[in-house]
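1. compute the structure for the input listed below.
(one chain, ligands or ions: 1)
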Amino acid sequence: MAPFDDAAQQLVAIGARFYSRGWVMGTSGNLSAVVSRKPLRLAITASSVHKGTLSPSEILEIDERGGTVGARPGKSSAETLLHLEIVKRRGAGAVLHTHSVWSTILSDAHEHHRGFAIEGYEMLKGLDGVGSHAHREWIPIVENDQDMTRLSRQVRGVLKKFSDAHAFLLCRHGLYTWGRTLADAERHVEILEFLFEAMARGGRRM
Ligand SMILES: [Zn+2]
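-> You can find the predicted model right below:
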């Protein structure tokens with residue numbers, strides 16, 4: 001199967017799983033995977049599509065500037081520039097963005113510190129390169145912005161400043177995380193959403 005078709009199928013399946021968990025309600029969130037490095041090409045969800053009922057025809061191919069290429073016309077996700085920023089700065093093979101209740105609550109509660117730490121949880125070991133519950137993961141919080149060029153500049157700064165971070169939150173908006181493969185990125189979403197919920201429900205560091 002062509003890399004794009006393979007990625008599109010996987011993104012459709014991930015969309016359905018995330019929707020069933022309540023992480024991408026009401027057309028929110030967006031999902032992408034790198035299908036070629038040179039030239040850079042991503043498979044990414046089209047703008048304003050429902051993630052629970054995605055079809056491969058709602059996955060578009062974009063170039064390094066976010067323009068649509070390939071046979072399918074359409075407008076890619078509004079947050080395409082953020083996906084490209086993460087792919088370029090982190091060498092990620094996949095970027096996943098969710099709008100969960102718990103990430104929204106924590107980003108609101110910790111906005112004044114522009115981030116929060118997660119440490120002491122066994123589930124941290126699901127993050128790439130983390131071998132102990134004693135790991136301290138800093139989750140940076142970026143101010144939300146509808147100007148995507150300005151927001152992608154902010155994201156670039158945060159990725160540079162927190163070079164070990166596996167994720168960041170947009171304030172009162174949602175989670176961005178990534179991985180070498182789609183499976184790695186999906187695992188990161190599951191791990192982080194678990195940790196956010198455990199922290200927020202447990203009332204720790206709120
Ligand atoms: Zn979003």
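
2. point out the other helices and strands that the top helix by length along the chain packs with.
-> Longest helix in the chain by number of residues (criterion: DSSP state H): helix 182-202. In this structure, helix 182-202 packs against helix 3-20, strand 94-98, helix 101-109, strand 174-179, with contacts taken as 3 or more C-beta pairs under 8 Å, 6 or more residues apart in numbering; DSSP states H and E. Every residue, glycine included, has its C-beta placed from N, CA and C.

3. and the angle for it with helix 101-109?
-> 60 degrees (axes from the mean of the first three to the mean of the last three C-alpha atoms, to 10 degrees).

4. got the contact list for helix 182-202?
-> Contact with helix 182-202 is made by 7, 10-11, 14, 17-18, 21, 23, 33, 92-96, 98, 100, 102-103, 105-106, 109, 118, 121, 123-124, 126-128, 139, 166-167, 175, 177-179, 205-206, as judged by C-beta atoms under 8 Å, 6 or more residues apart in numbering.

5. tell me how many other residues crowd Thr149.
-> For Thr149, the neighbour count with other C-beta atoms under 10 Å is 8.

6. and the closest residue to it other than its chain neighbours, how far from Met148?
-> Closest residue to Thr149 apart from its sequence neighbours, by C-beta to C-beta, 6 or more residues apart in numbering: Leu81 at 6.7 Å. Look at Leu81 and Met148: by C-beta to C-beta, to the nearest Å, they are 5 Å apart.

7. same check, this time on Asp5
-> Counting by C-beta to C-beta, the gap from Asp5 to Met148 is 28 Å.

8. and the lowest-mean-pLDDT helix or strand in the chain, how far out from the chain middle?
-> In the chain, the helix or strand scored least confidently by mean pLDDT, DSSP states H and E is strand 68-69, which has a mean of 92. Taking C-alpha atoms, centre = their mean, to the nearest Å, the mean C-alpha location of strand 68-69 is offset from the chain mean by 21 Å.

9. list the contacts of that strand.
-> Here strand 68-69 makes contact (C-beta under 8 Å, 6+ apart) with Arg41, Leu60, Glu61, Ile62, Asp63, Gly74, Lys75, Ser76.

10. 7 Å - rerun?
-> Applying C-beta atoms under 7 Å, 6 or more residues apart in numbering, the contact partners of strand 68-69 are Arg41, Leu60, Glu61, Ile62, Asp63, Gly74, Ser76.
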